[in-house]
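**Student:** here are the coordinates; sequence isn't available:
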Ligand code: ATR
């Protein structure tokens, strides 16, 4: 089984480690390759790979949208989100999926099932590519309200257009999010702010955080982001970024193999490796 990750850059990716674990768990022989493609080589390399023996691959920054013209079909989620992170290859036909948002929601459901009993409220921080996938997945659940806060509020307003449901939604500023923080049961940080080492991911101040509110940060390095540390100090429950990383990989692996794998052993090992 030949799997891989296409992106630029990809050297520091943890995906080979995750997928090797899944291959071993099922006793399958195969390998997950890092396929780094320079932007000016993208079209030529993708056309070359189209005739290769890949079983499937993940696709990451900066190609999650650029891959779309090379696909033969897309899942309804990927279509709605307008971005792909997983491609299944069958008889030289490529099918695009997006497991990022569902990966996060699946992880949250396992750790905090009480959030999904109905009527809970969500604050989504950020309105970029990552936020879009997560927002789409949130809309499939029974939340009563999903607010989107972003530095550029117009971008949050554009994202609200994905909402074809009865779930209440509003685009707000970070200042308003801070002000209304006590209204939310779940806060999800999706901006790219905390992604560079030592950067401060506290895009908003958590002074008004309600006790037991779950704060989820999609940044997984460091394990304890500054936002999660502050959430913990305010009595919140925290959800670390590696959960989404592992669950999006689990869902991708299951699409490639049509077999289910257990994410728990990996979650336990993540912080030890
Ligand atoms: P990604 O695909 O990682 O989500 P993106 O589409 O460029 O990347 O989106 C980045 C997100 O991080 C956006 O919500 C962006 O806010 P703007 O829409 O206002 O640009 C947010 N972001 C990036 N740098 C930021 C900063 N310094 N402060 C606050 N938000 C920031």
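**Tutor:** Received it, and whenever you're ready, just let me know what you need. Just so it is clear, the structure is predicted and the values come from calculations on it, not from any experiment.

**Student:** What about the residue of the stretch 51-200 of the chain found nearest the ligand, how many residues nearby?
**Tutor:** Distances from the stretch 51-200 of the chain to the ligand, computed as Cβ to the nearest ligand atom, single out residue 128 as the nearest residue at 1.9 Å. Heads up, the C-betas are built off the backbone N, CA and C, glycines and all. Residues contacting residue 128 under the criterion other Cβ atoms under 10 Å number 13.

**Student:** from memory it sits against residue 189, does it?
**Tutor:** No - the pair residue 128 / residue 189 is not scored as a contact, 11.8 Å apart, by Cβ atoms under 8 Å.

**Student:** Would you tell me which residues of the chain are close to the ligand?
**Tutor:** Within the chain, the positions near the ligand by Cβ under 6 Å from any ligand atom are 126-131, 150-152, 155, 191-193, 203.

**Student:** just checking, next helix/strand downstream of the helix ranked longest in the chain?
**Tutor:** Across the chain, the helix with the greatest residue count (assigned by DSSP state H) is helix 241-257. Using DSSP states H and E, the next helix or strand after helix 241-257 towards the C-terminus is helix 264-270.

**Student:** Give me the residue ranges of this protein where confidence is low.
**Tutor:** For the chain, the stretches with pLDDT under 70 are 196-198, 271-273.

**Student:** returning to that earlier point: now that we have the residues of the chain next to the ligand, which of them are buried?
**Tutor:** Buried members of those, counted by 16 or more other Cβ atoms under 10 Å: 126, 127, 129, 130, 131, 150, 191, 193, 203.

**Student:** Break down the chain into its strands, ranges please.
**Tutor:** 2-7, 31-36, 56-59, 73-74, 86-90, 93-97, 121-125, 145-149, 168-172, 186-189, 214-217, 237-239 (DSSP state E).
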